[in-house]
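Student: Fold the following for me, if possible:
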Amino acid sequence: SRELLQSARARCESSGAGAEETSQEAFALQALSWRLVRLRGETLEMHSALEAGRAVFARFLATWLDTPLLSGGVGFLQSAWRNQLLGEWLQLQLGVLGPEAGARAVAENLLRVQACGTLTRALRAPSVGLEEVQAELLAGGRGALLWVPGRESSLVIAVGEREVSSFVLAPFHEQQRARQAFEEAALRALTGEAEHALAAAVERATQVFLPAPLWLEIASWSEIVVVGAEGAGLFGFEALEPEPGHPLGNIRAVSHLPSLPAGVALARAAAAEPKVRAGIVLVAPAGAGSSPSHGTLPSLPFDREHAERLGALYGTSSVLEGPAATRRALRSPSFAGARAVCFVAHGLFDPARERPAGLMLAGGEELWSEGVEELSVPPLVSLLACGAGRGPLRRGDDGRAHLGAAFLRAGARTVVLPQADLDFRLG
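Tutor: Take a look at the predicted model:
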């Protein structure tokens, strides 16, 4: 192993990457070094590597923070390279500090990493420590799962209201296989084919993403907050079945955050808001329209009875239906002053755009992420639009390019949106 490391170092230095470099090769070499130290398991060497590694980790974060803030987000390095360095550093900490102290140290380091994400920085999220997160986000029995995918193994950190623990999961490529099998089986099941295959795929995905020891640790949580799903490539976490026959989303509240610092920022903003908002706005450009990027799209059904029930929940309701559902109407004070807004519209997706998801309004008018961020929106946004949660294929930068991120930037505190297509039916 020493010969392998020396060979890798010589190759790296020959490419011009020295010990203080911040190149992809230099960070990859450091990750390899930490891995070999862990595998040898010599206590003094591991402690020495941990002490020396703190400066490397600080340089890693500083380089990331120097990355320009682009509107569509940009990951520092490729996500696989970044996760390789991060995973080896965190596992070295666990090996030296032990399961309890190591898990807390890893959680603190992940908070520093998450603070570098483009969306988190765009939301001006504060630097927060573990105790602040537990007090402000996880009170009342909630817990958060922080994902760190890796080439040889992956980590998940379970942060409860008081406790912190770590679990080693399957490597990223196995997780991706389980995800792909689940998605393919789900598509076949929608057509009535091979429902048994879906059950088998759900069982396998549960073993990979939510194995029994992890579920035993978090089963008492009242709500599970999934953090970093974008970077980990996670799919519908709510569909997993830790209790056979009972999807997780049916037995626990499940929410998602781009990062814990962003969650703290959103929670603080919500607490500071005046409590005078009332009512819900329904935006339903129900008629057929012709979008410049997608051509003619069919009309969507609009359920007035359902709209009335929603209005009863929120005290009052107003409806922007058909030709009234325009971008100009979304700029009105009554729209901004509502408690919630629900869009029932066609979702748009243009992979040529840096931020590819959008909505079609009345008359084929298109509302893309850039336009959303020019609005002032209610604190709760629900997007009943096909693929509203889709983003670009690249991973690893906390969902900045997603439509949900645009609504958060426009003032929303919570956004509900689907990644897949929806089946619109009356009733």
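
Student: Output the longest helix belonging to the protein.
Tutor: The helix that spans the most residues within the chain, counting by DSSP state H, is helix 43-65.

Student: what's that helix packed up against?
Tutor: Helices and strands touching helix 43-65, as assessed by 3 or more C-beta pairs under 8 Å, 6 or more residues apart in numbering; DSSP states H and E, comprise helix 24-40, helix 79-97, helix 99-114. The way it works is simple: take the backbone N, C-alpha and C, and place the C-beta from them, glycine included.

Student: could you give the mean pLDDT of the second one?
Tutor: Mean pLDDT, helix 79-97: 90.

Student: by how many degrees do it and helix 24-40 diverge?
Tutor: Here helix 79-97 runs at 30 degrees with respect to helix 24-40, directions being taken by axes from the mean of the first three to the mean of the last three C-alpha atoms, to 10 degrees.

Student: now the last one
Tutor: Using the same axes, to 10 degrees, the inter-axis angle of helix 99-114 relative to helix 24-40 is 170 degrees.

Student: Now the element after helix 99-114, going C-ward?
Tutor: Tracing the chain C-terminally past helix 99-114 and defining elements by DSSP states H and E, one meets helix 118-122 next.

Student: Could you export whichever helix or strand comes after that next one as PDB, keeping only the C-alpha atoms?
Tutor: Past helix 118-122, heading to the C-terminal end, the next element that is a helix or strand (DSSP H and E) is helix 130-136. What follows is helix 130-136 as a C-alpha-only set of coordinates in PDB (Å, rounded to 0.1, in the frame of the first residue of the first chain):
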ATOM      1  CA  LEU A 130     -24.900  20.900  15.700                       C
ATOM      2  CA  GLU A 131     -26.600  22.200  18.900                       C
ATOM      3  CA  GLU A 132     -28.300  25.000  17.000                       C
ATOM      4  CA  VAL A 133     -29.700  22.500  14.500                       C
ATOM      5  CA  GLN A 134     -30.900  20.200  17.100                       C
ATOM      6  CA  ALA A 135     -32.600  23.000  19.100                       C
ATOM      7  CA  GLU A 136     -34.100  24.900  16.200                       C
END
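
Student: Would you mark the buried spots in helix 130-136?
Tutor: Across helix 130-136, burial judged by 16 or more other C-beta atoms under 10 Å covers 130, 133-134.

Student: what's the answer for stretch 170-188, then?
Tutor: Under the neighbour-count rule (16+ other C-beta under 10 Å), stretch 170-188 has 170-172, 175, 178-179, 181-182, 185-186 buried.

Student: Give me the contacts around it.
Tutor: Contacts of stretch 170-188 with the rest of the structure, by C-beta atoms under 8 Å, 6 or more residues apart in numbering, involve 80, 83, 149-154, 169, 194, 197-198, 200-202, 204-205, 207-209, 232-235, 239.

Student: Let's see which of the residues you listed end up in strands.
Tutor: Counting by DSSP state E, the members of the contacts of stretch 170-188 that fall within strands are 154, 169.

Student: Narrow the contacts of stretch 170-188 to just the buried residues.
Tutor: Buried subset of the contacts of stretch 170-188 (neighbour count, 16+ other C-beta under 10 Å): 83, 149-150, 154, 169, 197-198, 201-202, 204-205, 208-209, 232, 234-235, 239.

Student: on that earlier part again, quick check: angle from the longest helix of the chain to helix 99-114?
Tutor: Relative orientation of helix 43-65 versus helix 99-114 (the same axes, to 10 degrees): 20 degrees.

Student: Only the buried residues of helix 43-65, if you could.
Tutor: Along helix 43-65, these residues count as buried under the neighbour rule (16+ other C-beta under 10 Å): 46, 49-50, 53, 56-57, 59-61, 63-64.

Student: With distance to Ser220 and pLDDT as added columns, please give those residues in TSV.
Tutor: TSV is the format used below for the buried residues of helix 43-65 (distance: C-beta to C-beta, whole Å; pLDDT from 0 to 100):
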residue	distance to Ser220	pLDDT
Met46	34	95
Ala49	36	93
Leu50	33	95
Gly53	35	93
Val56	37	91
Phe57	33	93
Arg59	40	91
Phe60	35	90
Leu61	34	91
Thr63	40	87
Trp64	35	86
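
Student: Closest to Val37 out of those residues?
Tutor: Nearest to Val37 among those is Ala49, at 4.6 Å by C-beta to C-beta.

Student: From Arg82, how far out is the closest one?
Tutor: The spacing between Ala49 and Arg82, counted by C-beta to C-beta, to the nearest Å, is 19 Å.

Student: cool, and Val377?
Tutor: As for Val377, its distance to Arg82 is 32 Å (criterion: C-beta to C-beta).

Student: again, but for Arg54
Tutor: On the measure of C-beta to C-beta, Arg54 and Arg82 end up 18 Å apart.

Student: ditto for Ala178
Tutor: From Ala178 to Arg82 the distance is 22 Å (C-beta to C-beta).

Student: try Val202
Tutor: For Val202, the distance to Arg82 under the criterion C-beta to C-beta works out to 30 Å.

Student: Can you report how many residues neighbour Asn316?
Tutor: Quick fix: residue 316 reads Thr, not Asn. Here the count is done by other C-beta atoms under 10 Å, and Thr316 has 12 residues near it.

Student: How about it: what's its closest non-neighbour residue?
Tutor: Nearest non-adjacent residue to Thr316, counting by C-beta to C-beta, 6 or more residues apart in numbering: Gly279, 3.8 Å away.

Student: Also Glu243?
Tutor: Sequence neighbours aside, Ile251 is the residue nearest to Glu243 in space, at 6.6 Å (criterion: C-beta to C-beta, 6+ apart).

Student: just for this protein, where's the confidence low?
Tutor: For the chain, applying pLDDT under 70 flags the ranges 1-22, 74-77, 193-194, 230-235, 276, 286-298, 301, 392-397, 420-427.

Student: wait, isn't Ser220 in contact with Gly141?
Tutor: Yes: the criterion here is C-beta atoms under 8 Å, and Ser220 meets it with Gly141 at 7.1 Å.

Student: who touches both of these two?
Tutor: In contact with both Ser220 and Gly141: no residue, using C-beta under 8 Å, 6+ apart.
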